[in-house]
Structures are given as C-alpha cells and as structure tokens.
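K.L.:
Please work out how this folds:
(chains A, B, C and D)
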Protein chains: 2
Amino acid sequence: MAPTPKGRATYHHGDLAAALVQTTLEIIDEVGVRGFSVAEAARRTCVSPGAPYRHFADRDALLAAAALEVSRRLRAIYLDTVADVGSAQERLATVAGSFVRAAARYRGGLDILFAPGLRAAHPELRDSTREFVDLLLPSAFEVVAPDEAAVTAVALLDALHALARGYVAQLLEGKFGDPDDVVEEVAVRATRAARALVAGYGVPSGPVREEGRDR
Amino acid sequence: MAPTPKGRATYHHGDLAAALVQTTLEIIDEVGVRGFSVAEAARRTCVSPGAPYRHFADRDALLAAAALEVSRRLRAIYLDTVADVGSAQERLATVAGSFVRAAARYRGGLDILFAPGLRAAHPELRDSTREFVDLLLPSAFEVVAPDEAAVTAVALLDALHALARGYVAQLLEGKFGDPDDVVEEVAVRATRAARALVAGYGVPSGPVREEGRDR
DNA sequence: CATTCAATGTATGAGCCTCTCACATCGCTC
DNA sequence: GAGCGATGTGAGAGGCTCATACATTGAATG
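P.N.:
From the prediction side, this is the model:
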C-alpha cells in the first residue's frame, strides 16, 4: 500500500523541484558544496532518494538550478539597492561593494554560483551572470570615453566583474578573517578599487599611457 | 606471498606522496576536480586504494597538497618572467597578465587552487597565496603615496589579487570562449585593468573623492 | 462520471567511492 | 640480525549517484 511517506500528506509533493532548490540552498549554507548530497536533499524534503532525478538530470543540474536561484536573488538586491544611485561612476563603484555585502548574506549560494566546474558545464549559469552584467552596460557607456565606447565599456564591466568576484572569493574563504566581521570593511575596499578602475577607463587612453615603463 | 603489485618493482613505492600529487594534477587536467577520485589516483600510481590514506588524511588533503604544488609553480613562473620588469607600476600590471597566461597553462591546477571549499578548509593554501602576494609588496610600496603607505599598499595588492583571480575564473569557465584561443587577449585586458588600478591607488586620495555621489 | 495517460514518486539495486582496520612487508637502527 | 616504525595490501562497512521497473495520482477526455 505504501502510505504517503513520512513527512507528507499527499503522494505527490506539489512542487518538488522548487522545494529541492530551497533545501539545497539551506544544506549548502550549513555544510558547503562538498558536504551536499542529492540523497540528503531528498531526505530533508521527505521524498525517496530517487525522486529528485525526476526533476534534475544529475547532482550538478540541481546545484546549477540552485545557483541560478541565487543569481536571481542577487539581481533583486541590485535592483533594490543600487539601480538608483546618482551618478554612473558611483553606480558602478557601488555595485561592487553591494555585491560583496550580498556575498556575506548568501554565503553558500555564492560558493555554488562560482564553483569552477559548475559554471564551465552549465552555460545558463554564465548567461545569468552575463545578463546581470548587462544591466550595468548603460552606466558603463556613460562613463567611458565616447570613441570606441562599445569595446571599452564591455572591457570595463569585465574588469569590474573580475574585481568583485575576486574580492568575494577572498572574503568567503576567510582570508581577511571571519566574513561576518570584515564584510563591511571589504565592501568599502571593493568600492574604492572599483572607483579606481572606473576612473582608469574613463580617460580616453587611461591615466597611464600605453608604455608605462618610462613615465 | 603477495608479489609486488603490478606496476612496481618493490613493495614500497619510494615517494608515494609526491607521485600521488603529480598524478592528481594529471587527472584534474583531464577530468576536472569533480571527476577526480582518490581511488583513480591510487590506480594510476599502481598502489592499493587504501595506500593514499597513509599520506593524506582525506581526499581534500590530497587535493590541497596538489594545489600547493600548483602555487609553487606559479611562484616560479613569477620569479622567471615578472620579477625583473622595469618599473614598479609595470611590474604590478604585468603580474596580472602573466597570471592569466599561467592559468591557461595550468588549467586544472588553478581550478583546485581556487576551489572555494578547499581554500576555506586549508589555511596553508591561503598562506601560499599570501606569500606570493607579499613578493609584490615592495613594488606596491613604490607605487603608493607615501602617507599611509602601508595600509594602501596592502589594499592595492588585495585589489590586484582580486582582479587577477576574477579574470582567471572567467577565462577558465569559458566566458570569453575557448581559453586557449582567448588567453592572450584576456591577459592584455587584465594587464590594462591592473594598470588602471595601480594608477588609481597611486594618487594620494584616489582620483575620485570620498563622497563621489555629487561630483 | 469512468477511463486513461502522463507526470511524479517509490523500491531496489548495481557500481563506485571514501575511509577504516587488521595484517604483511620492508628499510633502518642498535 | 632482531626489532620497530613506516608504508602497503586486502577486505569491507557505509554512503552516494543514478538506472530501472513499478505504484500512485491529477487532469483531460469521452
């Protein structure tokens, strides 16, 4: 007869996919990506170990879906807190700091969002970040010198992207100490670095000429 | 009598620890961190599946040792190719590009060097990077404004570190296309971004004032 | 309503992996 | 040359991923 398994009223779950993503995020917050297992996610969601595979091709697919959810939340944060900063320069600089602060909040989430293997295998993850970056494109155009603006604007965003991710990585791995303690300081530093970057791309050929060796 | 197992002449291996690290790097180059297993490393080294655990507490410890080896190689590359660049400014900028180029060569290695979980759990990995960054400290001091030089120099290096790691991450996950094809272009961009960063930190209070919102 | 069917969950199990433990083998020291 | 500590082997417990066959059910259809 197989009565509806332990923690549930109905045989069918209702929205297992979403529940699994949520559970996955929780598990990862607790034990990190390495500690995560599909089996554990199934257990916490009160379904059999095989059930998740109805919705996700494999472990990585579930992780990728969770990472995608994280990127959606980051986007929301951006729209709430950064989108309406006054000048384009400050908007670009602020987003870096804001990103660092978000990292401290969604700790585990950021871990999967940036897990090397996952991103390499799941283009939709890269796309999501790319879309996010594109939100900033108008600001970048405002900041950059008008000639060859297109190329430079994209390059600037890539640089900002790189910078922010690098700071987040260092923050999350505890390089500066307990992330919760230092997040604000790191966010400020990231903002300052971003400002320097923006300034550097804003001048027609950059403040340092092509060959900088003999100034 | 248990004849000395298949691929070996003696019962004892000689230097299993080093051999395992080497094999680990090879495996990761082929199949990535996710595809790596201690069992496979043991197989390729022609020892029993349990043997590695005489030398490494667990899978992560072996990975960390391999990552440490990678960081040693990176250090060597730096000393060979960057250490004697003329000006401090260019030295700092060049190291970013050089790092990106190294990433394309030691692809798998960089994956583990930057695997979020690993670095968080193994301080010696962070230390190794830290030591590497410290090699650049003198250059940073040269570049930075003399007042509060200490704080700023370190901050500049952290920013450069973040920038370079971010570029490497994007390169390796294929954001710009096949890493081998784009590595040079990305390296140039990283160098340029690094220059902008260095320039931004070189001016006493940065090119944009504290409160930048109402320029 | 009754039926049917596609979607969703369960049960079972094969195969692999990590890591442990008792035992075998060997290089070194005294 | 005897003993000992270090290093390797073999067997196995327990867990995980994923495939396959079967059970259950909500929804569409007549």
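
K.L.:
Tell me if the one helix or strand residue A:101 maps to is near chain B.
P.N.:
Using DSSP states H and E, the element containing residue A:101 is helix A:88-105. Yes - counting by Cβ under 8 Å from any Cβ of the partner chain, chain B has neighbours in helix A:88-105: A:89-90, A:93. (Glycine included, C-beta is placed from N, CA and C.)

K.L.:
And the residues you listed, which is closest to chain B?
P.N.:
residue A:90 (4.8 Å; Cβ to the nearest Cβ).

K.L.:
count of neighbours near that closest one?
P.N.:
Counted with other Cβ atoms under 10 Å in any protein chain shown, residues neighbouring residue A:90 total 22.

K.L.:
cool, residue A:124 as well?
P.N.:
12.

K.L.:
Name the SS class of it, please.
P.N.:
Under DSSP: H, G, I helix; E, B strand; the rest coil, the three-state class of residue A:124 is helix.

K.L.:
how far does the next helix or strand after the helix holding residue A:101 sit from the chain's center?
P.N.:
Counting by DSSP H and E, the next helix or strand C-terminal to helix A:88-105 is helix A:107-113. What separates the centre of helix A:107-113 from the centre of its chain is 7 Å, taken as Cα atoms, centre = their mean, to the nearest Å.

K.L.:
Over to stretch A:20-33?
P.N.:
So, by Cα atoms, centre = their mean, the centroid of stretch A:20-33 is 15 Å from its chain's centroid.

K.L.:
Any part of that stretch near DNA strand C?
P.N.:
No - judged by Cβ under 7 Å from any atom of the strand, stretch A:20-33 stays clear of DNA strand C, getting no closer than 8.7 Å.

K.L.:
Now do the helices in chain A.
P.N.:
A:16-35, A:38-44, A:59-81, A:88-105, A:107-113, A:116-121, A:123-135, A:137-143, A:149-172, A:179-202 (DSSP state H).

K.L.:
got those as CSV, with distance to residue B:13 and mean pLDDT columns?
P.N.:
Below are the helices of chain A laid out as CSV (distance: least, Cβ to Cβ, whole Å; pLDDT from 0 to 100):
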stretch, distance to residue B:13, mean pLDDT
helix A:16-35, 28, 95
helix A:38-44, 35, 98
helix A:59-81, 33, 94
helix A:88-105, 43, 94
helix A:107-113, 36, 89
helix A:116-121, 30, 88
helix A:123-135, 41, 88
helix A:137-143, 56, 93
helix A:149-172, 36, 94
helix A:179-202, 41, 94
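
K.L.:
Residue B:100 versus the closest residue to residue A:165 other than its chain neighbours, what's the distance?
P.N.:
Nearest-residue entry for residue A:165: residue B:166, 4.1 Å, with adjacent residues in sequence omitted and distances by Cβ to Cβ, 6 or more residues apart in numbering or on different chains. According to Cβ to Cβ, to the nearest Å, residue B:166 and residue B:100 sit 10 Å apart.

K.L.:
Quick check on these two: which one has the bigger neighbour count.
P.N.:
Neighbour totals were compared for residue B:166 and residue B:100, and residue B:100 leads with 29 against 25 (other Cβ under 10 Å).

K.L.:
Grab the nearest non-local neighbour of that one.
P.N.:
In space, residue B:100 is closest to residue B:187, 4.2 Å off (Cβ to Cβ, 6+ apart).

K.L.:
can you count the residues close to that neighbour?
P.N.:
22.

K.L.:
looking at it, it is touching residue B:103, isn't it?
P.N.:
No - in this structure residue B:187 lies outside contact range of residue B:103 using Cβ atoms under 8 Å: 9.0 Å.

K.L.:
what number of residues lie near residue A:20?
P.N.:
Residue A:20: 24 neighbours (other Cβ under 10 Å).

K.L.:
ok, it touching residue A:59?
P.N.:
No - applying Cβ under 8 Å as the test, residue A:20 and residue A:59 come out as separate, 11.3 Å apart.

K.L.:
hang on, the earlier thing: distance to residue B:75 added to the helices of chain A, as CSV?
P.N.:
Formatted as CSV, those follow (distance: least, Cβ to Cβ, whole Å):
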stretch, distance to residue B:75
helix A:16-35, 27
helix A:38-44, 39
helix A:59-81, 32
helix A:88-105, 28
helix A:107-113, 26
helix A:116-121, 21
helix A:123-135, 30
helix A:137-143, 35
helix A:149-172, 18
helix A:179-202, 24
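
K.L.:
Looking at those, which is nearest to residue B:178?
P.N.:
Minimum separation from residue B:178 across the helices of chain A (Cβ to Cβ) falls at helix A:116-121, 11.6 Å.

K.L.:
show me what contacts residue A:137?
P.N.:
A:153-154, A:157 (Cβ atoms under 8 Å, 6 or more residues apart in numbering or on different chains).
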